[in-house]
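Chemist: Predicted model and sequence below, questions to follow.
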Amino acid sequence: MSGPLTVIDMHTGGEPLRIITGGYPDLPKGTILEKRAYVRDHLDHLRKLMMLEPRGHADMYGALLVEPDLPGADLAVLFMHNAGYSTMCGHAVIALGRFAVDQGLVTPRERVTPVNIECPCGLVRAEVAMRDGQPAEVSFESVPSFLFARDRVLDIGEWGRIRFDIAYGGAFYALADARQFGLRFGRDPVAAFVAAGDSLTRAASAAIALHHPDDAELAFLYGTILTDGNDAYSDRPTRNVCVFAERQVDRSPTGSGVTARLAAMQARGQIAPGQSRVFESLVGSRFSGSVASATTAGPYPAITAMVTGRAFYSGKAEFTIEDGDPFAEGFLVR
């Protein structure tokens, strides 16, 4: 590390996003998945430094802006967390939409400013609502998303037989009603949701082989979303929590998770195009989501989803390493 790493911190619905603005080495040219592989294989010590303690924490999330490869992309991004690198992150896209306008990466328009963001899962089109010349809510239309596996059942430790779906929303998630684990939102501690969600992720990863028609690099189970079971169309918000990576907990409703839930709802006939749902997180923050279009993803019937939320700035920092620091690359207590 030749110089300091500089960052701007934001949050979307309470979920942090550390945007790395300087200090990373230049990356080789290539596709975004090739850039992701290079960072994973050669620069992972920088992820650990930025995400883990003492400079980060177990639930920190990061974004590294890289040179776009796809035509029409305004910027490209690699996502990182406590265990590695993800393929899609909706809360980050919402924050980066506002960031792109504020930092002059796109030319602002009067009412809505489009921002095309190249993610490892593909090109995601964001729209930044403008109020009095300033960015406000951000919406994005997802990549094609689909229900991969329906009504699978596995024995999950102390909880016994658990029924779940697996859906793709830029990343693959297991989707399960939290009540099967004896859990209720607002009553049970977060640690109980973490234990249940992580156990389901590990069991489903071992038992079910995933496939994505675009690239094998996308075919891994990112985490589990536990819901309140309120999937059928309703005016009432539906609550969920996403447990992903190494037992990391999303404070937001999870943008790619909302997309995966909408894909499963549409496949089950529980929501129609144009119907909007409100998704609420553990901390009470909300995203709205709807089915934007019907499409396909290889052999799978699919949708694109429209998800809307709002991001805010929380600070900026410069990180360094002193010679002899035994914790230069970071650590996790839990």
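Modeler: Okay, I see it.

Chemist: how much space is there between the spatially most central residue of the chain and residue 6?
Modeler: What sits nearest the mean C-alpha location of the chain, by Cα atoms, centre = their mean, is residue 89, with 2.6 Å. Distance check for residue 89 against residue 6: by Cβ to Cβ, to the nearest Å, it reads 21 Å. (C-beta placed from N, C-alpha, C; glycine too.)

Chemist: ok, and the closest non-adjacent residue to the residue nearest to the centre of the chain?
Modeler: In this structure, residue 89 finds its nearest non-sequential neighbour in residue 79, 4.5 Å apart by Cβ to Cβ, 6 or more residues apart in numbering.

Chemist: residues contacting residue 147?
Modeler: Applying Cβ atoms under 8 Å, 6 or more residues apart in numbering to residue 147 gives the contacts 165-167, 263-264, 267-268, 300.

Chemist: Of those residues, which pair is most distant in space?
Modeler: 268 and 300 (14.4 Å; Cβ to Cβ).

Chemist: who has more neighbours, these two?
Modeler: residue 300 (18 against 14; other Cβ atoms under 10 Å).

Chemist: Now do the same for the residue lying closest to the more buried one once chain neighbours are set aside: its pLDDT.
Modeler: In space, and not counting its chain neighbours, residue 300 is closest to residue 146: 4.1 Å by Cβ to Cβ, 6+ apart. The model reports residue 146 with a pLDDT of 98.

Chemist: Sticking with residue 146, tell me its helix or strand.
Modeler: strand 146-156 (DSSP states H and E).

Chemist: so where is the stretch 1-150 of the chain shaky, pLDDT-wise?
Modeler: Scanning the stretch 1-150 of the chain for pLDDT under 70 picks out 1-2.

Chemist: Show me the helices in it, by range?
Modeler: Assigned by DSSP state H, counting those that start in this stretch, the stretch 1-150 of the chain shows helices spanning 32-42, 44-51, 90-102.

Chemist: Quick check: which of the ones you listed is buried the most?
Modeler: For the helices of the stretch 1-150 of the chain, the largest average neighbour count (mean count of other Cβ atoms under 10 Å) is found in helix 90-102, namely a mean of 28.

Chemist: Count the neighbours of the residue lying closest to residue 172 once chain neighbours are set aside for me.
Modeler: With sequence-adjacent residues excluded and distances taken as Cβ to Cβ, 6+ apart, residue 172 is closest to residue 221, at 5.0 Å. Per other Cβ under 10 Å, the neighbour tally for residue 221 reads 20.

Chemist: how far away is residue 221 from residue 260?
Modeler: For residue 221, the distance to residue 260 - Cβ to Cβ - is 11 Å.

Chemist: could the helices of the stretch 1-150 of the chain go into TSV alongside distance to residue 308?
Modeler: TSV is the format used below for those (distance: least, Cβ to Cβ, whole Å):
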stretch	distance to residue 308
helix 32-42	24
helix 44-51	27
helix 90-102	8
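
Chemist: tell me the domain ranges of the protein?
Modeler: 5-141+313-319, 143-307 (the TED database).

Chemist: Residue 330 is nearest to which of the ones you listed?
Modeler: Evaluated over these, closeness to residue 330 peaks at domain 5-141+313-319, with 3.0 Å, by Cβ to Cβ.

Chemist: picking up where we left off before, the residue nearest to residue 89 contacts residue 119, doesn't it?
Modeler: Yes: shown here, residue 79 and residue 119 form a contact pair, counting by Cβ atoms under 8 Å, at 7.4 Å.

Chemist: of the two, who's got more company?
Modeler: Neighbours per residue, other Cβ under 10 Å: of residue 79 and residue 119, the larger number sits with residue 119, 29 against 25.

Chemist: one step back: which residues are in contact with both of residue 221 and residue 260?
Modeler: 172-173.

Chemist: Buried residues in the strand holding residue 146, which are they?
Modeler: Using 16 or more other Cβ atoms under 10 Å as the test for burial, strand 146-156 gives 146-149, 152, 154, 156.

Chemist: Thank you, goodbye.
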